[in-house]
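after the sequence you'll find the predicted model.
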There are 2 protein chains.
Amino acid sequence: MAKSKEEIVQEFRVQSIQEAAIRVISRKGMAAATMQEIAEEAGVAKGTIYLYFRDREELVEKTFETAIGQLHGRLDAALDGEGTFAEKLRSLLTAQFVFFSENREFFRLYHSLRMTQGNASQQRRQKRNCQPQFKARVDRLAGMLKAAMDAGEVRALDPSRLALFLIEGSIAIVLERLTEDAPPPESEDVELIVSTLLGGIAIPKSKRSSH
Amino acid sequence: MAKSKEEIVQEFRVQSIQEAAIRVISRKGMAAATMQEIAEEAGVAKGTIYLYFRDREELVEKTFETAIGQLHGRLDAALDGEGTFAEKLRSLLTAQFVFFSENREFFRLYHSLRMTQGNASQQRRQKRNCQPQFKARVDRLAGMLKAAMDAGEVRALDPSRLALFLIEGSIAIVLERLTEDAPPPESEDVELIVSTLLGGIAIPKSKRSSH
DNA sequence: TGATTGACTGACCGCTCGTTCAGCGGGCTG
DNA sequence: CAGCCCGCTGAACGAGCGGTCAGTCAATCA
């Protein structure tokens, strides 16, 4: 059955409100983003938002889910198919860099949600709904690392710790790139991370050249 | 000149209000921490806070400066003296782990401030006052990395990027430790990071054992 | 084309917050 | 011991928030 006209309008409204929410939260931060400003940004009245979302909390939550769904889709696509661990790692990092540079604004929403805020019931709700999303990302990478360890490509280390370290470290670089006027090409930063992680930064004593 | 009785009382008040602020912000998050609750936590009336701090903004700012001063003192102490790069890195990470496990509560304040929030003038002010503090930490580590590169101990890579990657990655592990009931000994996580960073995680093809 | 609808609006309400200030009371002075 | 002083208090205030709902009007129907 084709979508009725009303459904199309409804989807359009939901989408533009969510996009407006991302932009305003990115600009002002989670706490200072008001319903009034989100409504203005979306080009609707404040009351209209309440026709599509029960309250502010549901708006933020649904918006976050929609956006992070896109991110996970990209990252999963990057991990699909065959390849060595190094290749997969490289394409994962590249996908992440590309996503965040295409969706600069989502980035700050993503991180505003990391540090839970608000009153106790909000905190509980956010913990329930958002933390699994972050955890899923870490777990997926940890699984990939574990497979590489089993295959003998990688030393045996705590995969979860390593995944956490890698994800947060690379996100810090993404954030730095976003504030730079002319960041180096993505491949350069990807290569820095991949080579550091795989081979380390130390120069073995035997190979050091006197200077 | 010895401190007068009034000065001692004043310092005590300032200190207990700042400690209360850290505890409440840690518990509730930056936005939901109210002056009322900070006052109750400090055991004074709400109005008393305004005798020692101009407004909420100044309280948060001064509190943050006091606490991060302590952190930087610890980290600098860890880097003082002679030693190889590996040794310094190890003591730096250990100092950081110890500080954050001793000051669990400060941790969330530290990160609440990372992602700038609030209205435009608050954002500008926070950028001016807090970002240099973070930048100073990254720069200090970057300087250490640069020295190690010049000494031929470490490959030539962008020291700032590497410092950023390392600091944020290790902070992610600190955060994970804080949420764990029985985290592994600090030395274990420190060793994971040090060995990964120095030697990488890859097993060279020549050394792989068939399984 | 007049009647009907319901998506949309924005003034409004209740509430919480940061901030203020009149007054309280414990301690010091003469 | 009277009286002043001043650090401290917490009720009161106004700004600004999320959420509501009576009213509006373009699109649709009969």
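Looks like it arrived, so ask away. Numbers count the residues shown, from 1 in each chain, chains lettered A, B, ... in the order given.

give me the phi and psi for the closest residue to residue A:133 other than its chain neighbours.
Leaving aside its sequence neighbours, residue A:133 sits nearest to residue A:68 (Cβ to Cβ, 6 or more residues apart in numbering or on different chains; 5.2 Å). (Glycine included, C-beta is placed from N, CA and C.) For residue A:68, the backbone dihedrals (degrees, to the nearest 10) come out as phi -70, psi -30.

pretty sure residue A:68 contacts residue A:135?
No - assessed by Cβ atoms under 8 Å, residue A:68 is found out of contact with residue A:135, at 12.0 Å.

in terms of neighbours, single out the busier of these two.
residue A:68 (19 against 12; other Cβ atoms under 10 Å in any protein chain shown).

and the more buried one, how close does it get to residue B:79?
38 Å (Cβ to Cβ, to the nearest Å).

how about residue A:148?
Counting by Cβ to Cβ, the gap from residue A:148 to residue B:79 is 34 Å.

could you check which of those two has the larger neighbour count?
A side-by-side neighbour count of residue A:148 and residue B:79, using other Cβ under 10 Å, places residue A:148 first with 21 against 16.

in this structure the more buried one contacts residue A:154, no?
Yes - using Cβ under 8 Å, residue A:148 is in contact with residue A:154, at 4.2 Å.

which residues are common contacts for these two?
Shared contacts of residue A:148 and residue A:154, defined by Cβ atoms under 8 Å, 6 or more residues apart in numbering or on different chains, comprise residue A:85.

now do the contacts for residue A:154.
Here residue A:154 is in contact with A:85, A:145, A:148, B:201, B:202, B:203 (criterion: Cβ under 8 Å, 6+ apart).

which of the residues you listed sit farthest apart?
Spanning the widest gap among these are A:145 and B:203, at 12.8 Å by Cβ to Cβ.

quick one: which of these two has more around it?
residue A:145 (23 against 18).

per-residue confidence at the residue in chain A that DNA strand C sits nearest to?
Closest residue of chain A to DNA strand C, Cβ to the nearest atom of the strand: residue A:47 (1.7 Å). In this prediction, residue A:47 carries a pLDDT score of 93.

quick one: what helix or strand has it in it?
Using DSSP states H and E, residue A:47 sits within helix A:46-52.

and that helix, what does it pack against?
When contacts are defined as 3 or more Cβ pairs under 8 Å, 6 or more residues apart in numbering or on different chains; DSSP states H and E, helix A:46-52 sits against helix A:5-28, helix A:35-42.

where among these is the average confidence lowest?
helix A:5-28 - the lowest mean pLDDT of the helices and strands packed on helix A:46-52, at a mean of 83.

tell me how far residue A:195 lies from residue B:38.
Taking Cβ to Cβ, one finds residue A:195 at 47 Å from residue B:38.

neighbour count: those two, which is higher?
More crowded of residue A:195 and residue B:38, by other Cβ under 10 Å: residue B:38, with 26 against 16.

can you pull the contacts of the more buried one?
Here residue B:38 is in contact with B:17, B:20, B:21, B:24, B:49, B:59 (criterion: Cβ under 8 Å, 6+ apart).
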